[in-house]
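turn this into a structure:
(2 chains)
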Amino acid sequence: MDIITTLINGLSMGGVYAMIALGYTMVYGIAKMLNFAHGDIIMVGGYTILVFMNFSGMPLLAIAMAVICCVILGIVIEKVAYKPLRGASPLAVLITTIGVSYFLQSLAQIIFGSAPKMVNIVDLGLLQIGSLKIQMYTVLTLICTIIVMTILTLFVKYTQTGRAMIAVSEDRNAAQLMGINVNKIITITFAIGSALAALAGLFYLLKSPSISNTFGSSPGIKAFTAAVIGGIGSIPGAMLGGILLGLVENIVAKIPVLSPYVDAIEFSILIIILLVKPSGFLGKKRREKV
Amino acid sequence: MADYLMETKDLGISFGGLKAVQALNLSIKKNQLYGLVGPNGAGKTTVFNMLTGVYKPTFGNFYLDGENLTGKNQETINRKGIARTFQNIRLFNNMTVIRNVMVGLSSRPEYKCSILTSVLRLPHHFRIEREMREKAKELLRIFDLEDDRNNLSCNLPYGKQRKLEIARAMATNPKLLLLDEPAAGMNPNETTELMNTIRLIRDKFDMTILLIEHDMKFVSGLCDELTVLNFGTVLAQGETRQVLNDPNVIKAYIGE
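A predicted model of the protein is given here:
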């Protein structure tokens, strides 16, 4: 029974990683940049929940506000910091994203202080089926990630905007010459990524209800790893990578000898996978035609 | 001015000190098949890049239907009615053939569908999708690609990829179609077939076409008028037969 609980916990954690990884991978695929400030959007989402919980005490309102604030923030960051650098060297953009990341962290420290704060959103209790005991938030997280990912997949596959997104990620210039407004597509991508980050912040808080200004760093880096394992730029890849990472993390933590080395093992897996499959599981193989 | 669909007035561009194209005056009538020829490095593709907004011209202006489009960005120019294909094929490789065409169609106002409508999957979304699919099939039929519509575009043979690129450009409903070396790398059979297809597009859609090509048989068999570029300047201009017999043109191509 313990193994089932571990697997469900792993899948649920993996779902959260996948949600964050989707933000990395979509932005990489479409805007061709790595957004290292993405993890800090999670943190902003978390603090927004904190503020609105204290303010109103209504979890659903707090969650909705977190999503809205993160979407607005994501769009503003893209317009103010990244858009002027479109066409600049990738390195300049990369450094800018790190700058934005530190900016957000420092801003949060100024506003909320550096001591961790507790956020009690809602106590969901324990789910018990026979001798199987699972935390209710795990189940909720799992269900929500499945719903979100299904919607996202359908959106990308079957809507005009989704099609335009794929077109831009394949060949930005050709897409532009087909009359696609590339700036609009990039804005939409940032909005979707930030909304997913806000939800990820919520699920993180349900798991461990304490937030500080570096709240988003660790999940951010892990989700980035997940995106790379799955093949950065690939949407199903990010989902696969995230779930894989979540499962590994939870299974390894259950093995007493290995449990102190969870992070080391995760990143070793990253290295091994990159040695064997340099473009990740589902990444595009770049084969030059001669 | 009203007689011409597209005109350029002293159009030119320089990269640093290098004047890649100078003082180009093209006047293309509606429904014309117009050729842009010249040796390698003459600036032909640069002209296409200016006309589609990839490069901003340094000098001069160009007009489509009397409207000045100089320096507008790529998607605006495309929506105003100039579409193109590329010298190196640039399809959306991992999409199916029909989806490539549907991407082209999606910028047309009649297929506008808001994101919200799509996400909520309202009936309007399905109607638009169905209409787009039908329209895409119709276009593919003209290019004899209908049976390939569910294949990935990267799996098509070369000649068909070229045709699909033209179909995708046509999907954006252009007034002027720019073809950059459409026959490059084709075998003689494919070339003949392509010439027929291009004529068909002109007649069926009342299209105006400006094309770059090296294959002289192709150019002389297809184009009504020609402009010959050499080192960024116009060497000769006028009716095809006349231009091809111009001693300057012969010199530039074959030497003294």
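
element containing the nearest residue to A:Asp171 once chain neighbours are set aside, please.
Once flanking residues are discounted, A:Asp171 sits nearest to B:Arg90: 5.3 Å by Cβ to Cβ, 6 or more residues apart in numbering or on different chains. From N, CA and C alone the C-beta is placed, and that goes for glycine too. If you go by DSSP states H and E, B:Arg90 is not part of any helix or strand.

please look at A:Gly45 and A:Leu196 and confirm they touch.
No - using Cβ atoms under 8 Å, A:Gly45 makes no contact with A:Leu196, being 9.8 Å away.

ok so, going back, which residues touch the residue nearest to A:Asp171?
When contacts are counted by Cβ atoms under 8 Å, 6 or more residues apart in numbering or on different chains, B:Arg90 touches A:171, A:173-174, B:165.

which of those residues count as buried?
Neighbour-count burial (16 or more other Cβ atoms under 10 Å in any protein chain shown) is assigned, among the contacts of B:Arg90, to A:171, A:174, B:165.

dump these into a markdown table; add distance to B:Ile115, pLDDT and secondary structure as well.
Output for the buried ones among the contacts of B:Arg90, formatted as a markdown table (distance: Cβ to Cβ, whole Å; pLDDT from 0 to 100; DSSP: H, G, I helix; E, B strand; the rest coil):
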| residue | distance to B:Ile115 | pLDDT | secondary structure |
| --- | --- | --- | --- |
| A:Asp171 | 22 | 89 | coil |
| A:Ala174 | 22 | 88 | helix |
| B:Glu165 | 28 | 92 | helix |
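
if we only consider those, which is nearest to A:Val139?
Nearest to A:Val139 among the buried ones among the contacts of B:Arg90 is A:Asp171, at 41.8 Å by Cβ to Cβ.

the closest one contacts B:Phe92, correct?
Yes - if you go by Cβ under 8 Å, A:Asp171 and B:Phe92 touch, sitting 6.4 Å apart.

for chain B, what lies in contact range of chain A?
For chain B, the residues found near chain A under the criterion Cβ under 8 Å from any Cβ of the partner chain are B:52, B:54, B:73-75, B:78-79, B:83-84, B:86, B:90-95, B:99, B:102-104, B:106-107, B:111, B:113, B:115, B:118-119, B:125, B:128-129, B:168-169, B:171-172.

please flag which of those residues sit within strands.
Among those, the members found in strands (DSSP state E) are B:83-84.

who touches the nearest residue to B:Arg79 once chain neighbours are set aside in this structure?
Distances taken as Cβ to Cβ, 6+ apart put A:Gly179 closest to B:Arg79, at 5.0 Å, once the chain neighbours are dropped. By Cβ under 8 Å, 6+ apart, the contact list for A:Gly179 reads B:75, B:78-79, B:104, B:106-107, B:172.

which of those has the weakest pLDDT?
On pLDDT alone, B:Ser107 ranks lowest of those, at 81.

how about it: what's its closest non-neighbour residue?
A:Gly179 (2.9 Å).

what of B:Val103?
A:Ala167 is the one closest to B:Val103 (Cβ to Cβ, 6+ apart), at 4.6 Å.

how close does the residue in the stretch 151-256 of chain B positioned nearest to chain A sit to B:Leu139?
Closest contact between the stretch 151-256 of chain B and chain A, by Cβ to the nearest Cβ, is at B:Thr172 (5.2 Å). Between B:Thr172 and B:Leu139 the distance, using Cβ to Cβ, to the nearest Å, works out to 11 Å.

does stretch A:85-103 reach chain B?
No - using Cβ under 8 Å from any Cβ, we find that stretch A:85-103 stays clear of chain B, coming within 12.1 Å at best.

what does that stretch contact?
By Cβ under 8 Å, 6+ apart, stretch A:85-103 touches A:32-37, A:39-40, A:77, A:81-82.

in PDB, list the C-alpha atoms belonging to that stretch.
This file holds the C-alpha atoms of stretch A:85-103, laid out as PDB (Å, rounded to 0.1, in the frame of the first residue of the first chain):
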ATOM      1  CA  LEU A  85      15.900  42.700 -26.700                       C
ATOM      2  CA  ARG A  86      14.300  40.700 -29.500                       C
ATOM      3  CA  GLY A  87      17.000  40.100 -32.000                       C
ATOM      4  CA  ALA A  88      19.800  40.700 -29.500                       C
ATOM      5  CA  SER A  89      22.300  38.000 -28.700                       C
ATOM      6  CA  PRO A  90      20.800  35.100 -26.700                       C
ATOM      7  CA  LEU A  91      23.300  35.700 -24.000                       C
ATOM      8  CA  ALA A  92      22.100  39.300 -23.400                       C
ATOM      9  CA  VAL A  93      18.500  38.000 -23.100                       C
ATOM     10  CA  LEU A  94      19.600  35.200 -20.700                       C
ATOM     11  CA  ILE A  95      21.400  37.600 -18.400                       C
ATOM     12  CA  THR A  96      18.300  39.900 -18.500                       C
ATOM     13  CA  THR A  97      16.100  37.000 -17.300                       C
ATOM     14  CA  ILE A  98      18.500  36.400 -14.400                       C
ATOM     15  CA  GLY A  99      18.400  40.100 -13.600                       C
ATOM     16  CA  VAL A 100      14.600  40.000 -13.600                       C
ATOM     17  CA  SER A 101      14.700  37.000 -11.300                       C
ATOM     18  CA  TYR A 102      16.900  38.800  -8.700                       C
ATOM     19  CA  PHE A 103      14.700  41.900  -9.100                       C
END
